[in-house]
Structure formats: C-alpha cells, structure tokens
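Student: show me how the following folds:
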Amino acid sequence: QHLPAHSGPVLLKPDTTAMNFLAADIVERFYTFLWPMLRISALMITAPIFSVNAFNLRLRILMALVLAWLVYPLHSWPVIDPSTAPGLVEVFNQIMIGSVMGLILQVVVAAMVVGGQSIAAAMGLSMANMMDPNMGNVPVISQLMIVMSTLIFVGFGGHAIMLGLISESFYSLPIGTSILNQNVYGRVLQWSSMVFLGAVLMALPVMVSLLFINIGLGVVTRAAPSLNIFAVGFPAMIIAGFLILIISMESIGARIEWLWVQGFTVVRDVMGVPHV
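Tutor: Below is the predicted model of the structure:
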C-alpha cells in the first residue's frame, strides 16, 4: 500500500456560523436579562436594610443577580437594545420603578429619625448625637428608633414581603410600562407627609408628658427663685423622659409596625399589585 503524497495534518476551517449564532444568543440573553436586573438592583440601592453600608456592594450585586436569575424564567422578556433611544427610556423606567419602591419604604425610616429628634429635643439630649453613616449626625433616640424599626421590619417578614412585591411587579408593570404619571406623583407626595405625621404619632406621648413636667418645673422655679433650673431641670427631664419612653415603648412599637404596613400598602397601590 502506498500512502498519498500529501499526508500532512488536515486543517479544518472553524464553523463561523455556529460561533456567530452563539454570540448572537449570548447578546440576546443579555438584553433580556438586563431588565429584571435593573429593577431589582435599583430596589437594592434604595430599600431599607439592603441600602445600609453594612450590606456592602458585593452582597447587593450577588443578591440582585440571584433574584434576577430566579425571576427570569417566569416571564417572557422583550429584546431591546439598551444603546438605542427606546432602550435608554426603558432603562430609566426600570430604575425608576425599583427606586420608587425603595424610597416609599424609606419614608418610614425618615419618620423614625424625625420622631427620635423630637423626643431627644424634648428630653434635652439634642447635643448627644451619634454619627450614622446612612442618616448623618442624628440623636441617640433616633438611633434607638431606627434599630427598633429594623427589628420590627425583619420580625414580621418585611424583607420577604418586599422581595415578593418586586417579583409581582413584573406582572402588574411589565417591561415597557412607565409609572411616570400624575397619579403616581400624587400618591408618593401624599405618602411623604407621613415623615412628619408618623413622627408626631410616635413622639406625641413623650413630648406632651415632658411639656407638663416642664410647666411644673417652671412653677417650682417661680415659687423658689433660689432653685437653679439648669441644675434641677435637665436631670429631671432626662430621667422622666426615659421613664415615659419605657412606658410608651409598646405603643411606639405598634405604631412602627402600622407605619410599615401602610408603606407596603402604598407600594402595592403605586405598583398596581392587587391586595391579598
């Protein structure tokens, strides 16, 4: 037997059709996976608990990727190039939807800060401030309120409710739907007044009680001018304030839970998610 004259290695041409098809499929998957990822990432940046500095950027990205991966098979996603004008509009819409959900719930946290500042001012603890990396320079009573609201939020499963709402929002607000309308603006602005109303509802028992104690100290000081109001008034106000705060802690906790429930109700109304 004679071997052929040219018996060298045979060079095969790469199948460019299969490579092009694979690249096009990856790009298409990326264009569809981008939309749930954007909405969930915007929620992670703005929502309570997930937006604190202790929940660092790597954990947020990992959480957003996992949630987007779980939501992805449940829906059919449109293929929109984000570099085009309709794609940029859709990117803005998804970021707005996630951000509005988180900012609605942040109103409750802001109410905790304002309520704690009101109580601290009535007790004479305005100068006893702590540096909060998320809220700035806030009084210690505000820190207490924030910790209580976070524990209540996690205790009744607020984090799970929030993740369930973002999943249900893909049914009520599919890709291509915008929430930038007058009804949403009005509802969010109306809810933002809860920053002050919720603070008053929590701080009112302590503030009213301390007001009467202040009136009593004023009468005592007027009757005994030699009595130094600064030497007696400040310790009495702090001790009485803490006692009243401990007594009214149960009602304050119930009010915080009510505020969280109202916040989730507003999120459902804005997102168009039906109430259970």
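
Student: got phi/psi on Pro139?
Tutor: Dihedral pair for Pro139: phi -70, psi 160, per degrees, to the nearest 10.

Student: that one touches Gln117, doesn't it?
Tutor: Yes - the pair Pro139 and Gln117 passes the contact test of C-beta atoms under 8 Å, sitting 5.6 Å apart. For the C-beta atoms, the positions are set from N, CA and C on the backbone; glycine is no exception.

Student: looking at those two, which one has more neighbours?
Tutor: Pro139 (23 against 20; other C-beta atoms under 10 Å).

Student: list the beta-bridge partners for that one.
Tutor: Note on Pro139: beta-bridge partners by DSSP bridges are Asn129.

Student: for stretch 206-223, buried residues please.
Tutor: Using 16 or more other C-beta atoms under 10 Å as the test for burial, stretch 206-223 gives 206-207, 209-210, 213-214, 217.

Student: which residues touch Ser169?
Tutor: Ser169 is in contact with 39, 97, 101, 271, 273, counting by C-beta atoms under 8 Å, 6 or more residues apart in numbering.

Student: now do Met145
Tutor: 112-113, 115-116, 202, 252, 256.

Student: quick one: it from Leu259, how far?
Tutor: In this view, Met145 and Leu259 are 11 Å apart by C-beta to C-beta, to the nearest Å.

Student: same question, Ile97
Tutor: As judged by C-beta to C-beta, Ile97 and Leu259 stand 22 Å apart.

Student: go on, Leu173?
Tutor: 24 Å.

Student: try Arg60
Tutor: According to C-beta to C-beta, Arg60 and Leu259 sit 25 Å apart.

Student: so between these two, which is more surrounded?
Tutor: Between Arg60 and Leu259, Leu259 has the larger neighbour count (other C-beta under 10 Å), namely 25 against 17.

Student: tell me which element the nearest residue to His75 once chain neighbours are set aside falls in.
Tutor: Residue nearest to His75 in three dimensions, not counting chain neighbours: Phe170, with 5.5 Å by C-beta to C-beta, 6 or more residues apart in numbering. Secondary structure from DSSP states H and E places Phe170 in helix 158-172.

Student: quick one: mean pLDDT over that helix.
Tutor: Mean pLDDT, helix 158-172: 86.

Student: for that helix, the distance to its chain's centre please.
Tutor: Mean-position distance between helix 158-172 and its chain equals 13 Å (C-alpha atoms, centre = their mean, to the nearest Å).

Student: and what of stretch 169-184?
Tutor: Worked out by C-alpha atoms, centre = their mean, stretch 169-184 lies 19 Å from the chain centre.

Student: list the buried residues for that stretch?
Tutor: Residues of stretch 169-184 classed as buried under the neighbour-count rule (16+ other C-beta under 10 Å) are 169-170, 173, 175, 179, 184.

Student: out of those, which comes closest to Asp81?
Tutor: Ile175 (13.4 Å; C-beta to C-beta).

Student: how about the strands in the stretch 1-150 of the chain?
Tutor: 129-132, 136-139 (DSSP state E, counting those that start in this stretch).

Student: rank these by pLDDT, which is bottom?
Tutor: Across the strands of the stretch 1-150 of the chain, strand 129-132 gives the lowest mean pLDDT, at a mean of 59.

Student: circling back: tell me which of the contacts of Met145 is nearest to Gly233?
Tutor: Once C-beta to C-beta is applied, the member of the contacts of Met145 that ends up nearest Gly233 is Gly116, at 21.4 Å.

Student: tally of neighbours for the closest residue to that closest one other than its chain neighbours?
Tutor: Of all residues not flanking Gly116 in the chain, Ser142 sits nearest, at 2.9 Å (C-beta to C-beta, 6+ apart). Ser142 is flanked by 25 other residues according to other C-beta under 10 Å.

Student: next one, pLDDT for Ser142 please.
Tutor: pLDDT for Ser142: 82.

Student: and Met202, how many residues sit next to it?
Tutor: Other residues within reach of Met202, judged by other C-beta under 10 Å, total 27.

Student: Val71 reaches Glu168, doesn't it?
Tutor: No - the pair Val71 and Glu168 does not pass the contact test of C-beta under 8 Å, sitting 10.2 Å apart.

Student: fine by me, thanks again.
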